[in-house]
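Student: Need a 3D model of the following:
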Amino acid sequence: MDVTIYHNPACGTSRNTLEMIRNAGIEPTVIDYVNTPPTRDRLAQTITDAGLTVREAIREKGTPYAELGLDNPELTDDQLLDAMLKDPILINRPFVITPMGTRLSRPSELVLDILPDTHKGAFTKEDGERVLDEKGRRIV
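Tutor: Below is the predicted model of the structure:
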């Protein structure tokens, strides 16, 4: 299965998502979007495919969001996209693209909705939360 993750290795949610993909037996294409941001068209399409607005795809925490005045409701989608591409840390993460759909995987277990049921056993997130049982079934 062809899977792409827009990943930030400094982010625990992104690391958990990447490991859940691998737990499904898939080695994804990993794009460190902070150092290799997507094109404007790719970013806009990914946001749309995930069912989000551009504003919903902006990361506020730990970014220059407030300092840049991006909370201004009068800013257009084009202006927000410009800011995200100028400073990619503003792109929320991780976005995952599979043939089954596109998701902003926050929380990380949302990635399970767009992966095949091929998990190789239990999965526990870095914070100790169990997500999959020993048979690879989702814990609800």
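
Student: Quick check: which element contains the spatially closest residue to residue 50 that is not a sequence neighbour?
Tutor: Leaving aside its chain neighbours, residue 50 sits nearest to residue 102 (4.6 Å; criterion: Cβ to Cβ, 6 or more residues apart in numbering). C-beta: built from backbone N, CA, C; applies to glycine. Per DSSP states H and E: residue 102 is located in strand 101-104.

Student: Just checking: what are the partner strands of that strand?
Tutor: Strand 101-104 sits in its sheet next to strand 95-98 (antiparallel), going by DSSP bridges.

Student: would you put the C-alpha positions of the partner strand in CSV?
Tutor: Only the C-alpha atoms of strand 95-98 are listed here, as CSV (Å, rounded to 0.1, in the frame of the first residue of the first chain):
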residue,chain,number,x,y,z
PHE,A,95,-1.0,14.4,7.6
VAL,A,96,-1.2,10.9,6.2
ILE,A,97,-2.3,10.0,2.7
THR,A,98,-3.3,6.5,1.7
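
Student: which outside residues touch it?
Tutor: 1-6, 17, 21, 28, 33, 46, 49-50, 102-105, 111, 114-115 (Cβ atoms under 8 Å, 6 or more residues apart in numbering).

Student: which residues make contact with the strand holding residue 102 from outside it?
Tutor: With contacts defined as Cβ under 8 Å, 6+ apart, strand 101-104 is touched by 46, 49-50, 52, 56-57, 92-96, 110-111, 113-114.

Student: Quick one: list the elements packing against the longest helix belonging to the chain.
Tutor: The single longest helix within the chain, with elements called by DSSP state H, is helix 12-23. Judged by 3 or more Cβ pairs under 8 Å, 6 or more residues apart in numbering; DSSP states H and E, the packing partners of helix 12-23 are strand 4-7, strand 123-124, strand 130-132.

Student: Now do the buried residues in that helix.
Tutor: Residues of helix 12-23 classed as buried: 13, 14, 15, 16, 17, 18, 19, 20, 21, 23 (neighbour count, 16 or more other Cβ atoms under 10 Å).
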